[in-house]
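Asks: Whatever this is, show me its structure:
(6 chains)
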6 protein chains.
Amino acid sequence: MTQAIARELLAAKRPYTEIEVVNLEQGPEAIESAYDESRALPGLLELVQKAPEQGFDAVVIACFSDPGLDAARELVNIPVVGIQEASMYLAAMLGSSFGILTTLERRVPVRKRYAAALGLGDKLAATPVLDIPVSETVGSLSRMKEIALARAREALNQGAEVLILGCAGLGDWAPELQERLGVPVINPNTAGLKIAELLVDLKLAHSKVRTFQRPRHVV
Amino acid sequence: MTQAIARELLAAKRPYTEIEVVNLEQGPEAIESAYDESRALPGLLELVQKAPEQGFDAVVIACFSDPGLDAARELVNIPVVGIQEASMYLAAMLGSSFGILTTLERRVPVRKRYAAALGLGDKLAATPVLDIPVSETVGSLSRMKEIALARAREALNQGAEVLILGCAGLGDWAPELQERLGVPVINPNTAGLKIAELLVDLKLAHSKVRTFQRPRHVV
Amino acid sequence: MTQAIARELLAAKRPYTEIEVVNLEQGPEAIESAYDESRALPGLLELVQKAPEQGFDAVVIACFSDPGLDAARELVNIPVVGIQEASMYLAAMLGSSFGILTTLERRVPVRKRYAAALGLGDKLAATPVLDIPVSETVGSLSRMKEIALARAREALNQGAEVLILGCAGLGDWAPELQERLGVPVINPNTAGLKIAELLVDLKLAHSKVRTFQRPRHVV
Amino acid sequence: MTQAIARELLAAKRPYTEIEVVNLEQGPEAIESAYDESRALPGLLELVQKAPEQGFDAVVIACFSDPGLDAARELVNIPVVGIQEASMYLAAMLGSSFGILTTLERRVPVRKRYAAALGLGDKLAATPVLDIPVSETVGSLSRMKEIALARAREALNQGAEVLILGCAGLGDWAPELQERLGVPVINPNTAGLKIAELLVDLKLAHSKVRTFQRPRHVV
Amino acid sequence: MTQAIARELLAAKRPYTEIEVVNLEQGPEAIESAYDESRALPGLLELVQKAPEQGFDAVVIACFSDPGLDAARELVNIPVVGIQEASMYLAAMLGSSFGILTTLERRVPVRKRYAAALGLGDKLAATPVLDIPVSETVGSLSRMKEIALARAREALNQGAEVLILGCAGLGDWAPELQERLGVPVINPNTAGLKIAELLVDLKLAHSKVRTFQRPRHVV
Amino acid sequence: MTQAIARELLAAKRPYTEIEVVNLEQGPEAIESAYDESRALPGLLELVQKAPEQGFDAVVIACFSDPGLDAARELVNIPVVGIQEASMYLAAMLGSSFGILTTLERRVPVRKRYAAALGLGDKLAATPVLDIPVSETVGSLSRMKEIALARAREALNQGAEVLILGCAGLGDWAPELQERLGVPVINPNTAGLKIAELLVDLKLAHSKVRTFQRPRHVV
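Replies: Next up is the predicted model:
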């Protein structure tokens, strides 16, 4: 999955942007639960913490669940982008309501809760479920794409005008699905990258005055 | 702080309830940020995971930020109680709106976000801030209590009818503050314990059908 | 129905809790409408008013519509528990969303309005309807239970992770339905009793400073 | 108070509208609490029930708390108007947000809850409090009007663009306050009357298909 | 369509109300999009601006999309009524939730957005779609009415207790649909007229203190 | 103002982006009201309509009120960016809540309404008002900046963690205010430009399937 994401990002980045795509050395095989998220945090936050001194101007957490987003923003002053957050706000600019293609039924309430936390609960019109484990989403098996297309069409009938691919591993399906569905389809990985480029260009980062203040004790 | 909480719980528990109050062997000194929460997770979840086989009927996470609550619920079938969640829902049963005495200004947006996620955003009328580090909240220094009282009175004027002590370390102030303020004051530690007793009595635990399904890979 | 409720409560109460289950001497046969609620109020409030002097530590209004809850809280200083309110907040602690098994279609909007007033409008995922009059809900006719099970399963498919039995007369179905559905099923009567025990233990009652001030003229 | 309301309504009604203003034979002196509301219900609903056979085309409940509104609508097919409901929806048509001049601090949460139930929680910008008992609001004591004006001006500064007089007894202050404040001031009594006339003209009444179905047993 | 609306209004107005129904000299054939709305604005606002000096006491914008409502209110001091706004608030007084019969699928999100802006998002239970162009809605073709009835019945099953005819051109269907559906059916044209009469009677107009202040430069 | 905006955009654009900043030939001097917005629409939409055939890949409407945004999106397939919408969603990614520096008190309710429509009503913590006419905002008069700074600091105390400059004419103050306030300050003009670049890069545009379908009759 890491290599697929790297390919997408290299194709989408601007000429003068340099990116490095890293996988956690230790962590869960896939992130399908809050428990999996918790297991990713130590390695993830260690990487984020080192990013500024390594010269990076921004960090993108390329897991759709945005694990550790708040903690990462507390640790550093450079922008930290959550790809779910970025995708949802972009989707909200592109239509009255949107759908999120979700890998597992169990994550549907988590997606709804997140949309609500962003203020977009009423704009999330559908959460079509693929029902395939994250680990099987890499690659472009045609059968899975047909399932995804069928579910996405139901989502459009339920009112969605835009589709978000709700898993980093699904990102590279975006162009084909956009072509076949006739609606904007957001690849969360490239959406996250582009928001990072935008924030760096605008010299903007998350506010450090209250929520994201640096913790008093950092190890 | 652990001993203070243990004393409160021993005084509040029913005769036949057996409780064990444990502190994490490894973890942050205090939990004042999302980063601190992330550092508490590995040790916390390890303890939760062992709880059923050790014969416990329920788990209470006695940190007001409810760190790791979702992940803990995924891991076990016995009830896992978050003391912030329990306190807020109890407060909502006791008045039209409530306030949360908060240790640090930086946690105010986090409390508001949590209330909103529980559906109680409109009932959270005030978030009086003590502005003292968590590590200094243990014990009952009279100066701090006076500050707390003054802030709490402002909160009542802002519409709060109930007060939640928004830090596990502040729990033992509840009887005195309730007496002096003339409104219900919720100690989150005992609130959490009692909700745990209630759930065990009613043979209820969190639902395992969707959000809190057991993760596929648990180490 | 009163006897069935009494049996449930006696089985659920703690050893040292003493309870008295009383039916209104005058009042409607069943409460299926706002009009029925209005007819229950005079007798209900008279009972509530006498409760403290009779030595009761708390009152539970064992009708799912929570009739007269605000007025009762104004009249006395001991906790008054509404079983619908208690059930909904407990349900919200046990899953991302819940359903309410409702006796009559006409009460569905009333349940939704109540959930919204508690802040739980977005967590009420389904309101399966039995469509049987309240007066026929007492007892455990197998046909009705099968209907209830079928409707409840639809509710789970609509996103409910927890089920509330939305009528005091249905309370004793909870264990069997919980067993067969595999999700937590809340008996509103025992939920109300246990919240009452919890509040008495914690020396908490509704706030008397604003909403629930004692009326100036009480007859 | 009844006579003052009658004068206002006679002045506001259309030439061909016939009105009868009746006070409850039995009931509370004033309605300042949920308990007071409960005491008004038996007499109120008896009057409502007789209204259609007495030839009335509509009923207006001229108490700002809208006591018994749902039950009254269940009982009859002719329109039943709640003056708080009518006033709030009219106010919402006249400005981005409104304020309600409230007699007692204790009723502020009740007003907010009602606005929220109507969907207007975010449009209720201020609830200036007179802090005078309902029984003293009849008549036009100049001192009270000056207090009302001062509080109303604060409400305008808090964002209110329209003012509702939140007590039937205050209705006749509307013209003077509107003149002096320079914003629309709604008299809930005349607002209720005019909505009743409007509904009768349009042959509209509340829907009887679900929420307001006739109760099965009416005495 | 203009003549049909004129007939409805003449039948619904009070004896002493004088009305003039005018069509824009220049403007779109029908209003089915935001673009169409923008094309109606210059002519519409010119008419509104002249209304007070022509002796009119109120203006009703008889297009269901309420085009130019805010701008019109800025321009004049007499009440300006939007028929969608008036219809929705009336519907909210007549049942727990309502539906809007909508001409085109593309306008469904626009109706939902408007309901949400009025605070009525949760009360809009259904948006049955006729899928016929506005220009074909004038007249009472029986085929279209049967489609409308079928769609409206689905809306009632989805929880709507009241129906709004969501197009000025559909207004004259109201009596027949109300008769056949057995629920209140709101004709937006007559609803708007009656709200205008009501406001004039009550000497109320929109507030001029903030949102609807007169623009500094009017041509 | 047009020249100031052009300077900002030329400084912020990427090397290979070509931009053309055009002012309406006919239109209001400034946009301070819904009426002013309506006057801008004919000229604005004419420009938008020609943009694709002139080879533009995206359109940014550089007026903070986002006039004509929906109509513009209906007319063309290339992305149309509203700078208020873009600024608010970016602000929501940078802190728990944000403030909007507003030129005129009368526009405060309009800003709040817009935030609510985007789902961000609860995140808009403050709307500090400059109270200077739009036409006087061009240039960097030091007195106005000091007023802006004082108001912005109040906004931060009210909970805002990010500041949006709520007028296209104020955009060039962003770097200095960000420096002096210590929080992210969003220039809506450059925010809009960068979102346009991002959408073009990602081959995304607003959905054309429902809300933004092309109108049937375009002149």
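Asks: Next one: A:Glu37 from B:Lys50, what distance?
Replies: 20 Å (Cβ to Cβ, to the nearest Å). Every residue, glycine included, has its C-beta placed from N, CA and C.
Asks: of those two, who's got more company?
Replies: A:Glu37 (25 against 12; other Cβ atoms under 10 Å in any protein chain shown).
Asks: Can you tell me the element the more buried one falls in?
Replies: helix A:34-50 (DSSP states H and E).
Asks: now check that helix, is it near chain C?
Replies: No. Legend: contact between helix A:34-50 and chain C by Cβ under 8 Å from any Cβ of the partner chain is lacking; minimum distance shown is 11.8 Å.
Asks: who does the helix or strand following that helix pair up with?
Replies: For helix A:34-50, the following helix or strand on the C-terminal side (DSSP H and E) is strand A:59-61. When pairing is defined by DSSP bridges, strand A:59-61 lines up against strand A:80-82 (parallel).
Asks: Next, the angle helix F:83-94 makes with the next helix or strand after the strand it pairs with.
Replies: Per DSSP H and E, the first helix or strand lying C-terminal to strand A:80-82 is helix A:83-94. Per axes from the mean of the first three to the mean of the last three Cα atoms, to 10 degrees, the angle that helix A:83-94 makes with helix F:83-94 is 170 degrees.
Asks: Make sure A:Ile132 is actually in contact with A:Thr102.
Replies: No. Contact criterion Cβ atoms under 8 Å: A:Ile132 and A:Thr102 do not qualify, at 10.3 Å.
Asks: more neighbours, those two?
Replies: The residue with more neighbours, out of A:Ile132 and A:Thr102, is A:Thr102; 25 against 18, by other Cβ under 10 Å.
Asks: Let me see the contact set for the more buried one.
Replies: A:Val108, A:Arg111, A:Thr127, A:Pro128, A:Val129, A:Leu130, A:Gly166, A:Cys167 (Cβ atoms under 8 Å, 6 or more residues apart in numbering or on different chains).
Asks: pLDDT at the last one, what is it?
Replies: A:Cys167 is assigned a predicted lDDT (pLDDT) of 90.
Asks: what's the answer for the fourth one, then?
Replies: Model confidence at A:Pro128, expressed as pLDDT, equals 97.
Asks: That one and chain E, how far apart?
Replies: Using Cβ to the nearest Cβ, to the nearest Å, A:Pro128 is found at 19 Å from chain E.
Asks: Report the buried residues of the helix holding A:Glu37.
Replies: A:34-45, A:47-49 (16 or more other Cβ atoms under 10 Å in any protein chain shown).
Asks: Which of these sits closest to C:Ala115?
Replies: Set against C:Ala115, the nearest of those by Cβ to Cβ is A:Ala34 (25.2 Å).
Asks: residue in chain A nearest to chain F?
Replies: A:Gly119 (3.3 Å; Cβ to the nearest Cβ).
Asks: and A:Ala92, how far is that from chain C?
Replies: Distance, A:Ala92 to chain C, by Cβ to the nearest Cβ: 18 Å.
Asks: Might one say that A:Thr2 is in contact with A:Glu25?
Replies: No. Counting by Cβ under 8 Å, A:Thr2 does not reach A:Glu25; the two are 11.9 Å apart.
Asks: When the two are compared, which one has more neighbours?
Replies: More crowded of A:Thr2 and A:Glu25, by other Cβ under 10 Å: A:Thr2, with 14 against 8.
Asks: how about the helices in chain A?
Replies: Assigned by DSSP state H, the helices in chain A fall at A:2-12, A:34-50, A:69-75, A:83-94, A:108-118, A:142-157, A:174-181, A:188-201.
Asks: what residues does the longest one touch?
Replies: So that's helix A:34-50. With Cβ under 8 Å, 6+ apart, helix A:34-50 has contacts from A:22, A:24-28, A:30-31, A:59, A:61, A:63, A:65, A:67-68, A:71-72, A:75-76, A:80, A:110, A:218, B:35, B:38, B:41-42, B:45, B:68, B:70-71, B:74-75, B:215, B:217-219.
Asks: What of the shortest one?
Replies: With Cβ under 8 Å, 6+ apart as the test, helix A:69-75 has contacts from A:41, A:44-45, A:48-49, A:59, A:61, A:80, A:82, A:85, A:206, A:211-215, A:218, B:33-35, B:37-38.
Asks: Domain map for chain A?
Replies: As assigned by automatic domain parsing, chain A contains the domains A:2-82+A:191-201, A:84-188.
Asks: Can I have the buried ones of the contacts of helix A:34-50 as a PyMOL selection?
Replies: A single PyMOL command selects the buried members of the contacts of helix A:34-50 (16+ other Cβ under 10 Å):
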select buried, (chain A and resi 24+27+28+30+31+59+61+63+65+67+68+71+72+75+76+80+110) or (chain B and resi 35+38+41+42+45+68+70+71+74+75+215)
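Asks: what residues does chain A put near chain B?
Replies: A:28-29, A:32-39, A:41-42, A:45, A:68, A:70-71, A:74-75, A:105-106, A:108-110, A:113, A:116-117, A:133, A:210-211, A:213, A:215-219.
Asks: Distance check, A:Arg14 against A:Lys194.
Replies: From A:Arg14 across to A:Lys194, the span is 9 Å (Cβ to Cβ).
Asks: Between these two, which contacts overlap?
Replies: Shared contacts of A:Arg14 and A:Lys194, counting by Cβ under 8 Å, 6+ apart, come down to F:Asp201.
Asks: ok, those two, which is more surrounded?
Replies: Per other Cβ under 10 Å, whichever of A:Arg14 and A:Lys194 has more neighbours is A:Lys194, with 28 against 14.
Asks: Was I right to think A:Cys63 contacts A:Ala30?
Replies: No. If you go by Cβ under 8 Å, A:Cys63 and A:Ala30 don't touch, sitting 9.2 Å apart.
Asks: what does chain A have sitting close to chain E?
Replies: Selection of chain A residues close to chain E by Cβ under 8 Å from any Cβ yields A:Ser96, A:Ser97, A:Asp122, A:Gly159, A:Glu161.
Asks: Out of those, the closest to B:Leu10 would be?
Replies: A:Asp122 (46.6 Å).
Asks: Pull the number of nearby residues for that closest one.
Replies: Counted with other Cβ under 10 Å, A:Asp122 comes out at 17.
Asks: Need the pLDDT of it.
Replies: 97.
Asks: go on, A:Asn189?
Replies: 97.
Asks: Return the residues in contact with it.
Replies: A:Ile5, A:Glu8, A:Leu9, A:Val60, A:Ala62, A:Ile83, A:Ala168, A:Gly171.
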